[in-house]
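Undergrad: 3D model of this:
(2 chains)
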Amino acid sequence: EPEVTQTPSHQVTQMGQEVILRCVPISNHLYFYWYRQILGQKVEFLVSFYNNEISEKSEIFDDQFSVERPDGSNFTLKIRSTKLEDSAMYFCASSEGMGNQPQHFGDGTRLSIL
Amino acid sequence: QQQVKQSPQSLIVQKGGIPIINCAYENTAFDYFPWYQQFPGKGPALLIAIRPDVSEKKEGRFTISFNKSAKQFSLHIMDSQPGDSATYFCAVAPDTGRRALTFGSGTRLQVQP
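TA: This next block holds a predicted model:
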């Protein structure tokens, strides 16, 4: 069964540094998402992406964050000037088409800011 | 503002029991109600989803009951097994145009042998 893959599985970074989290969505999917989950808390929406542009973003997704689809397969989340509170699991998800099609999640990247 | 309230926070049942997890929402514009299962170290996995034009949906041992007038929906797990021990999240999404899922706070289910 096709799946969303994320790399790395764990990223440790010094505060203030930039990180790039990578995702390969399911190949025929058109909508891409990033969510985060702070340890022990609920999953929170960050951003959705369609047709090479952001279609929606939450209050969390400020100027510190950016997303990109640099080629036909990868979808990335960049976090600039990381802060301690950015430590969380970051999940990429993708869905097939219009409307509320099921979103399929990857296993996440654990980001630890020191 | 909490758009979806999930209860209970944790739940312990015996094997074969029927755990029930509840979610309540406020915004009547929501029209997609999925349930996700998450094991430690894994991403959320879609279990089952319902739209407001039906009151119940069953897939295998998992059933969603939906009460539109009360703005509540619940997940029932029939004949629960120790392998069902996981965290369960309800989620909501509004009608087309916005696809962001808003998740509940999660329910940690433990099924004892």
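Undergrad: from here on, contacts and neighbour counts on C-alpha atoms
TA: Noted.
Undergrad: helices and strands around the strand or helix carrying residue A:110, which ones?
TA: Assigned by DSSP states H and E, residue A:110 belongs to strand A:109-113. Of the remaining helices and strands, those touching strand A:109-113 by 3 or more C-alpha pairs under 8 Å, 6 or more residues apart in numbering or on different chains; DSSP states H and E are strand A:10-13, strand A:88-95.
Undergrad: what's the angle from that strand to strand A:88-95?
TA: Note on geometry: by axes from the mean of the first three to the mean of the last three C-alpha atoms, to 10 degrees, strand A:109-113 and strand A:88-95 are set 150 degrees apart in direction.
Undergrad: paired strands for strand A:109-113, with orientation please.
TA: strand A:10-13 (parallel), strand A:88-95 (antiparallel) (DSSP bridges).
Undergrad: for chain A, what's its nearest residue on chain B.
TA: For chain B, the residue closest to chain A is residue B:43, as judged by C-alpha to the nearest C-alpha, at 4.1 Å.
Undergrad: was I right to think that residue contacts residue A:93?
TA: No: assessed by C-alpha atoms under 8 Å, residue B:43 is found out of contact with residue A:93, at 9.3 Å.
Undergrad: so for the two, which sits in the more crowded spot?
TA: When residue B:43 is set against residue A:93 and neighbours are counted by other C-alpha atoms under 10 Å in any protein chain shown, the residue ahead is residue A:93, at 29 against 24.
Undergrad: for that one, list each beta-bridge partner.
TA: Listed by DSSP bridges, the beta-bridge partners for residue A:93 are residue A:33, residue A:105.
Undergrad: dump the residue contacts of residue B:81.
TA: Residue B:81 makes contacts with B:15-16, B:111-113, as judged by C-alpha atoms under 8 Å, 6 or more residues apart in numbering or on different chains.
Undergrad: keeping just the C-alphas, turn the strand holding residue A:110 into CSV.
TA: Coordinates of the C-alpha atoms in strand A:109-113 are reproduced here as CSV (Å, rounded to 0.1, in the frame of the first residue of the first chain):
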residue,chain,number,x,y,z
THR,A,109,10.0,13.6,12.2
ARG,A,110,10.9,14.1,15.9
LEU,A,111,12.5,17.6,16.1
SER,A,112,14.5,18.3,19.2
ILE,A,113,15.8,21.8,19.8
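Undergrad: so for residue 12, what's the pLDDT?
TA: You didn't say which chain, so I picked chain A. We note a pLDDT of 97 for residue A:12 in this prediction.
Undergrad: not what I meant, chain B
TA: For residue B:12, the predicted pLDDT is 97.
Undergrad: for the residue lying closest to it once chain neighbours are set aside, grab the count of nearby residues.
TA: Distances taken as C-alpha to C-alpha, 6 or more residues apart in numbering or on different chains put residue B:110 closest to residue B:12, at 4.8 Å, once the chain neighbours are dropped. Close neighbours of residue B:110, defined as other C-alpha under 10 Å, add up to 21.
Undergrad: ditto for residue B:5
TA: Residue B:5: 18 surrounding residues under other C-alpha under 10 Å.
Undergrad: what's the answer for residue A:61, then?
TA: Neighbours of residue A:61 using other C-alpha under 10 Å come to 16.
Undergrad: enumerate the residues of chain A near chain B.
TA: Applying C-alpha under 8 Å from any C-alpha of the partner chain, one finds that chain A approaches chain B through A:41-45, A:47-48, A:56, A:91, A:98-100, A:102-108.
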